[in-house]
Structure formats: C-alpha cells, structure tokens
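[1] Sequence plus predicted model, see below.
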Amino acid sequence: MTQTPPHKTSKPKQKQKGFVSTSSASEEEISMRVAEESGKPFQSTFNSTKSSPLGLFAHEAAERLRRSGPNEVAHDKAPHVLVQLFLAFKNHFVIVLLVLACVSFITDVYLEEPDDRSYTGIIILVTMVLLSSFLRFYQEYRSNQAAERLKSMVRNTATVLRRTNDAAKPERREVPMQELVVGDVVSLQAGDMIPADIRLFASRDLFISQAILTGEALPVEKYDTLGAVSQKSANADPDSKADLLDLSDICFMGTNVVSGTATAVVVATGANTYFGSLAKNVVSHKRVETSFDRGVSSVSWLLIRFMLVMVPVVFMINGLTKGDWMSALTFALAVAVGLTPEMLPMIVSANLAKGAMAMARRKVVVKRLNSVLNFGAMDVLCTDKTGTLTQDKIILERHLDISGKEDKNILQLAWLNSFHQSGQKNLMDIAVVSHADERGPAAKLLQYSKIDEMPFDFIRRRLSVIVEDQNGAQLMVSKGAVEEMLAVCTHTQEGNVVQPLDEKARTELLEKSREYNEEGYRVLVVATRQIDAADAKAQYKTSDEEKLVVRGFLTFFDPPKDSAAPAIRALQDYGVAVKVLTGDNAIVTLKVCRDVGLDPGVPLVGPEIEAMDDERLNDAVKYTTVFAKLTPLQKSRVVKALQANGHTVGFLGDGINDAPALRDADVGISVDSGADIAKETADIILLEKSLMVLEEGVVKGRETFGNILKYLNMTASSNFGNVFSVLVASAWLPWEPMLAVHLLIQNLIYDISQMMLPWDKMDEDFLKKPRKWEANNIRRFMLWLGPTSSVFDMTTYVLMWTVFGAGAAYYAGTGDGGQSIMHSGWFIEGLVSQTLVVHMLRTRKIPFIQSTATLPVLLSTSIAIAIGCYLPFSPLAASIGFIPLDKSYFLWLIATMVGYMVLTQIVKTIYIRRYGQWF
C-alpha cells in the first residue's frame, strides 16, 4: 500500500547534475546525485531525467544507450586482445627461455667468428617462446570468448515502458538489463533484481533486500513519497552509506525485490550507480585465488626451486669436469628449460574451455570457468525439494474445514488471499487460483477489493491480505505454515460456530496436519479476522496479525519426479552425498525423500539450528540428510558448516531465499527459470532443473580436472628424471651427455606432443570419486616415478659407450671422440621414453591393454616419437651434432622401452598400494 511519510522539512541544495553523462563518478558524487532526487516532486525527477511516467520513445532510448553505454558495472572481464597477447608472454617460465636465448646469442653468435656462428639454439628457443606464448594466448582468448558466450545464454531482463513514434500509449517490454538508460520507466515485482538506481513513483507493499550492500538479512520497506520525503530521508547525509541506503523512495542497483510491486524511473545506470562505484573498487582488488590456482602455483614454484638447486649443480659439475665454463653455463640453462612446464598455462586454459563447452552441450552453462573444477571436486550437493525431487507442479488437492470435511468457503478465502497478494506468486498460490478458476465464479468472492497486505517472509511463514466488501467491512485473510499460523490464532470456526483455540483444539489441529503430511501432502492453514470499523485503517503491519480464527486446511500434492531416484543413485555412485535443504515441513520432506530412494534419517529443523552454536552445528551436519523449515540464513549456515568439515559443497537453488547459500557455496547452481538474484549469484546455470544434468556436469568437471593433473604429474616426474640422469652422466662422461641444443629440441618436440592432452579421457574409476587438489601428491609422484626413467637412461649410456663404440672412439681419439654417437643414441631413447611416459602415467591401469588414450593423444605421441627417431638420419643431423646410428640400435631401443614400461608398471602398482591413489 502506498505510504505518505511526513513532509520534508529541510534539505541542502545541491548543484543539479545531469543523468546521461557517459563518465563515471566517484562514490561521493553518486551519493549526492541520488540523494538529490529523493523526496523531490515527481515531475522534477522526470524533468531532470528528461522522461515522463509513460516512459521513453524507443528512438530516445537507443540514442541514450549509444551516448551513455551499456548499463553494466565493472566486473571481471577479459582485457583487450592486445593486452591478452602481452600477458601471454608475462610468465616466469618464458623469462627463463628468453634469458637462455640471450646467453645463446652471446655464446653462439656474438663471441664466435662469422664462419662458426650457429643460430640453431636461438631459433629453437624463440620457437619455444612463441609456441608456448601464442598457444597460451589462443587458448585463453578462446576461454574468454567461450565464457562470454555462455554468460550471454543467461540474460537478466527488466520490464520497461517504451513508446513508438506513432503511438502515445506505452508498451511493456522485456529488455536486457544492459540496455536500460536514464529515464526508462521500469516495473518491478517480487524476485526481480533492481536493474539500476531508481526513484519510486508508485509502489505497493514493496520490500527490498539490500543484503548485497549492507549485509543485513531482513528486507526493508520502500515506498514512493508523493512529492514528500520521510524525516529519515530528509536528514540523510549523502556522504553516509548508511543514511543513503535508508532513503525510502530510492532503490539501488544489485538489490532485489522480496515482495510487492512498484513502478520507478531510472536515475543512474552502470558505473554511475552506487553499486557501480563500489564494484570498481572490488574489481580493482586482486581476485581471491581458488585452491586449484594455489595448487598450480605451488607446483610451479616447486619446479623453480628445484631448478635453482639443480642448475648450479649441473653447471659446477660440467665446468669442473669438462673445463669449458661457457659451454657448461649454456648446458645448465638448457637443463633449466627442461624443468620448465611451458605448456602449463595453455593446458589449463584449453581444459577449462573444453570442459565448459562440453557442459554447455549438456545444458549446463558455466558463468565462471574455474567453477568447472569445483564442480568436479564437489562431494556434497545441497538441494531444495520442490522442482528438484518433485515435479514442480503443485496441485491443490483438498480444501477442508477444521474437522477435515470439504468446504467451499475455505477455497473462497484461499482465493482471496492468493489472488490479491502482490508478491511473487509461488506454486501454491498458482495452484489455488487455478483450482478456483476450474470451479468458476462460485469459488471467488468478487465483491471484495484489496486494502493492504503483509507479504510472506521466511521468518513469519505466512501471508495476509486485508480486503473490503461493498459495505466497507474489512476482513483479514491469512494463510501459512501450520505452527506459525496457530501462533497468531486464538479461535477456531466450523460452520457458524466459533470456539476458543485451547490446548486440546491446538493438539487436534496439529495431529490432523501431521496425518496429512504423512500422506505426502503439504498443508497450509487458512485463518481470518473480521476487523471492526473502529480498528479499520488503510495500512497494516505484521503486528496486526493477531487474534485470528482458524477456518480450515489446504492440502497440496507435488508428486516426485520419475527421474529423481535414478539421479540420486547416480550422484551417490560418483561419491556425491545429496542433502535436502528446504523451507517446507519436515514430515512431507521425509516422505518425498523415501519415495525417491533417499534415506532421510532424522531431520534437523530451523528452530533447532537456531539454538546451536557453530561447533555443534558442524557436528550435527555430518549425520543429517534432511534440513527442514529453514530460513535463508539457516541454509547458508548449513552450507558453511559442511565446508568447515572439509567438504566441497554445491548448492542448487532458484529462489530469492536461496541467494545467501548460493553465494557461500563452493559452487552455486541455479536454473534459467529461477529468480534474477539467484541466477546472478550462481556460478553455474542449468537450462534444465534436473539432477541427471548435474551428474553429467560432475563427470565433466572431474574429467577436466584429471587431464590437468595428468600434465602436471607427467611433466614434473619426467623432468625430474631427466635432470637426475643429466647429473649422473655429467659426472661420468668425458663430455656433456647432450648438447644444449639437443635438450631444447627434445623439450620442444615433447611439448608439442602434450598439446592434445585436453582431448584425452579419464578412467571410470578416477571419475567415481570427488577430486581435490593435493600438491603434496605431485611432489611425491615426482620423487617416485622420476628416477624410473633414469634407470634406462643409464643403461643407454652404457650401451652407447660399449656396444655402439662411443667409448672406443673416445679412447682412439677419432672423429669427435664418440660424442655424436652418445648424443644421437641418448636423444632418441630420452625422447621416446619421455613420450611413452604419457601413456604409462595417464592411467593407473595397464596402458594399451586395460586403458588406451584417445586418438588425438595417440597420434601426437606417435608423431613425436617418429620425429625423434628420424632426426639423427635426417639432412639436419650433421648441423646439430647427430650421426646416423646402426639399425641394430632400434632392437636395443625396443628392449629398453619394454623394460622401462615393465618397471614403471611395477613402481606404479607399489605406489598405488602404498598411498591408495594415483593422481
């Protein structure tokens, strides 16, 4: 109901500012600008915004949008494409490569005679830098584009009045929020987000949640001021955030409508809104790292620390034993390159983009790419009941008096309540109105008109409307949850007989309600109160909900979904526990849970949670499956308690009351048909409200996570093994075991073969359990599996020294003393073993027999092996220090690789038995 506060007494004059400026203002300027509009005559606001109550013409709105830009606040978004390209080169691994390129230029070009200059090392290093950086840029650019495309699939809209050139009468249009401009007239109802900073000029029972700005859970009432302003608004200090948010006729962008309706004019958009000024500060701060970000960083720094230790050791050993310190430096830096996972950023970006697009094909829209990984790590899913476990099609089954007899009067009263309420009509209101429509005019008391209402909230759990008949007699009609309704009732009525609601009658009503619940029905109580003429008024408060008379019951049925039971089993098979968090009655929820095969156990209800401290709640949630009669903040507390116990928690919700829990969950999940605030808060949007869709998303998230872990584990272990082999060879061989250029070529070929890893598949047993980041496991993996390849590197040293004549040539002093023989043989063996490790370590099973990689990975690794084996026989061989080997070498190579795979499988089996996991 429209309210008229006391007239404005005084307000400091401020210089009028325009509202269509394209430049953003400071928070203080915005505060003054918004405060100036509060309490002014409506026409003054329309004049300053160059608008009218009929809204803008379409061409005016288009021109303003062109001048002021989209109605968007600062948010995390991809930088310009050139900035992205620059950032792709801003990487400590790339810096290592560039330093090595500079050293190579000095040693191989600058200090050499013209005839002895070699550009091979520089070319390879520059190629590695360009390959790594451009691939990273390409994948991250694709990821950003994919994220924007996915976000565009879920668009929040606003209802505006727009006029065409040839029609003065405005039309209601749904337009994207980004297209709102100053002067637009918007219509609001429960569930809507406030799309910009607005001035109300018509409202009815409007309650706004400002939690996003104030942190306060309870909604506040807002109302138009009819040209006047409340005393609180009049004395508001525009520099004070608290006072500004108390302005009664101003609603701020980002807040949301809890109940009621309103019409308002937009006075500020985008960065010029109060929320926009705050968002700039938020976005300017570095985003909090996820556990995965921290994990990748920890592995990167582990390899860098390892590099800082190993590179000086390799440098000293080679310098002391070979006497050529410049060559030793070049070789040591090449070893540093060997420890560098250049492809890590590209692999991560490619996996996330591929995972998000794959989930989109399964009707799961990912708003934030990193949430793909949280989806895979999720081990507890908290979900509501209605529409997820049930069909979301509530039917009004019966309308009964207090003795349980069918009574048309109860339907008529329920229709009055549901039809006249101005908030967001929930499924039960829709069911009541639909049922009355089927019964015809006899089910409707059309002689009544609405006076006021007390909208539903999640504390009172009831909704009251006050109506007036043609004679001016007022009637309060309330409906709501049984216990909350009985708390404000003092009498019962059956027919024309009214009796006090004593303890016996209260117990009988509760027992009857319980019986209906056990049959699977949701139950609401309908109560009324005749308002005496002396007590009649135009505006009512929740404190007026007293001395009501219980008239009867409404029973609703929401049948379980056929797909709910198999979906729950599927999630449980994948290690995801399903918990139900609902505001509904515990008994009804227990029955639905049993119907869909979910063991509900003993439920925990809202009042019990309210009485618990955090420590007790943390313990209670371990053993509880059903949480009933919850308020929005209690849902959030349950989520936080589960997180405190070490769980990765997903929350599926679509209502206004779900927003706090969606924000606090590790991965917030909503549906495309949900309330604006729910969709805005969620990380992931389902285009279908189905648990089966969730199960597919969980699997894809784990697959994405697994492919990233593969690269990290393979790269860390193989690089560690290579450096270990280099240390041994440097101490034993009379020359460097491999030239720096050979290490670079080997690393380049291996890196190219890894580009297909995002297209690999994961074993089914990996997907069956939730996966979390464990940096210690990668360190342990590296120390166990790395030296395995070193065993066969050393056998290759011995083989090339003895069988293929490298040692004899050295002692005879012929040619280059056998150095080329050793380099050629170890280059092939090192590359083949390093590439084969992809197949050995990608699975805990026996490769090629129990688990085979996808075709892209098979092709990329096969091509890498073929190139490595061909190089010593190619026309380039002599220029890079290789010579063709005897064909019998490949028989020894096959025997070496068979031995390597057998030993790796043995070590792998021991590792799994000891630690109980692979990745």
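    Done, it's in.
[2] Return the alpha-carbon coordinates of stretch 405-424 using PDB.
    Taking C-alpha atoms only, stretch 405-424 is exported to PDB below (Å, rounded to 0.1, in the frame of the first residue of the first chain):
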ATOM      1  CA  LYS A 405     -14.600 -32.000   5.700                       C
ATOM      2  CA  GLU A 406     -14.600 -30.500   2.200                       C
ATOM      3  CA  ASP A 407     -15.700 -26.800   2.500                       C
ATOM      4  CA  LYS A 408     -16.100 -24.400  -0.500                       C
ATOM      5  CA  ASN A 409     -15.700 -21.500   1.900                       C
ATOM      6  CA  ILE A 410     -12.100 -22.400   2.600                       C
ATOM      7  CA  LEU A 411     -11.400 -22.300  -1.200                       C
ATOM      8  CA  GLN A 412     -13.100 -18.900  -1.400                       C
ATOM      9  CA  LEU A 413     -11.000 -17.500   1.400                       C
ATOM     10  CA  ALA A 414      -7.800 -19.000   0.000                       C
ATOM     11  CA  TRP A 415      -8.600 -17.500  -3.400                       C
ATOM     12  CA  LEU A 416      -9.000 -14.000  -1.800                       C
ATOM     13  CA  ASN A 417      -5.500 -14.400  -0.200                       C
ATOM     14  CA  SER A 418      -3.700 -15.800  -3.300                       C
ATOM     15  CA  PHE A 419      -5.400 -13.700  -5.900                       C
ATOM     16  CA  HIS A 420      -4.900 -10.300  -4.200                       C
ATOM     17  CA  GLN A 421      -1.300 -10.800  -3.000                       C
ATOM     18  CA  SER A 422       1.100  -8.600  -4.900                       C
ATOM     19  CA  GLY A 423       4.300 -10.500  -4.300                       C
ATOM     20  CA  GLN A 424       5.800 -13.200  -6.500                       C
END
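[3] Okay, buried residues for it please.
    By 16 or more other Cβ atoms under 10 Å, the buried positions in stretch 405-424 come out as 407, 409-424. For the C-beta atoms, the positions are set from N, CA and C on the backbone; glycine is no exception.
[4] check which helix or strand covers the residue nearest to Val81 when sequence neighbours are not counted.
    Leaving aside its sequence neighbours, Val81 sits nearest to Tyr141 (Cβ to Cβ, 6 or more residues apart in numbering; 6.7 Å). Secondary structure assigned from DSSP states H and E places Tyr141 in helix 120-152.
[5] C-terminal to that helix, what's the next element?
    Using DSSP H and E, the next helix or strand after helix 120-152 towards the C-terminus is strand 157-164.
[6] which helices and strands sit right next to that next one?
    Where contact means 3 or more Cβ pairs under 8 Å, 6 or more residues apart in numbering; DSSP states H and E, strand 157-164 is packed against strand 56-57, helix 58-68, strand 167-176, strand 185-189.
[7] Can you spell out which helices and strands pack onto the shortest one?
    It stands for strand 56-57. For strand 56-57, the packing partners by 3+ Cβ pairs under 8 Å, 6+ apart come out as strand 157-164.
[8] Could you give the average pLDDT over the strand it packs on?
    Strand 157-164 carries an average pLDDT of 87.
[9] Please apply the same query to stretch 501-519.
    Averaged over stretch 501-519, pLDDT sits at 92.
[10] from the chain's centre, how far out does that stretch sit?
    43 Å (Cα atoms, centre = their mean, to the nearest Å).
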